[in-house]
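Q: Test case, fold it:
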Amino acid sequence: MELAHRLSQLRKEKGLTQQALAELTGTHPNVIGKYELGLAIPSVDMAGKLAHALNVSIDYLAGNDDIIVDNRLMDKIKSLLKLPEDVKNSVMYSLDKLIGKAKGSIA
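A: Numbering: from 1, shown residues only. Here you go, the predicted model:
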């Protein structure tokens, strides 16, 4: 039931109608309605399309994760993973420093 709730909530937060979300995912608005009511469960393929349209991970949409990782961040992570190991380590080191500095300025 978590998927139904999150799907409905995210769609409304994004200002999308069921019709608009259906168009973005290539399905019918009635199907979106059934997903939101918990009367149907999307296939893995459709869950991916819904997550992409709503700019969240499938894990977040399904309720397996409470952290929203948007597509922009995920694209950067994918790019990082393709780098040579030494470059990846340098980037991670830099990120650790930047995150530490940001945490210090928030406290």
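Q: got a list of what residue 46 touches?
A: Neighbouring residues of residue 46 by CB atoms under 8 Å, 6 or more residues apart in numbering: 25, 27. Where you see a C-beta, it was placed from the backbone N, CA and C, and this is true even at glycine.
Q: Could I get the pLDDT score of residue 106?
A: Listed pLDDT for residue 106 reads 68.
Q: okay, now the residue nearest to residue 66 when sequence neighbours are not counted: neighbour count?
A: Once flanking residues are discounted, residue 66 sits nearest to residue 60: 7.5 Å by CB to CB, 6 or more residues apart in numbering. By other CB atoms under 10 Å, 20 other residues sit near residue 60.
Q: now do the one 5 residues further on
A: When neighbours are counted by other CB under 10 Å, residue 65 registers 13.
Q: rewinding a little: I figured the residue nearest to residue 66 hits residue 74, correct?
A: No - with contacts counted by CB atoms under 8 Å, residue 60 stays clear of residue 74, the gap being 11.0 Å.
Q: In this protein, where's the longest helix?
A: Ranked by residue count, the top helix of the chain under DSSP state H comes out as helix 85-106.
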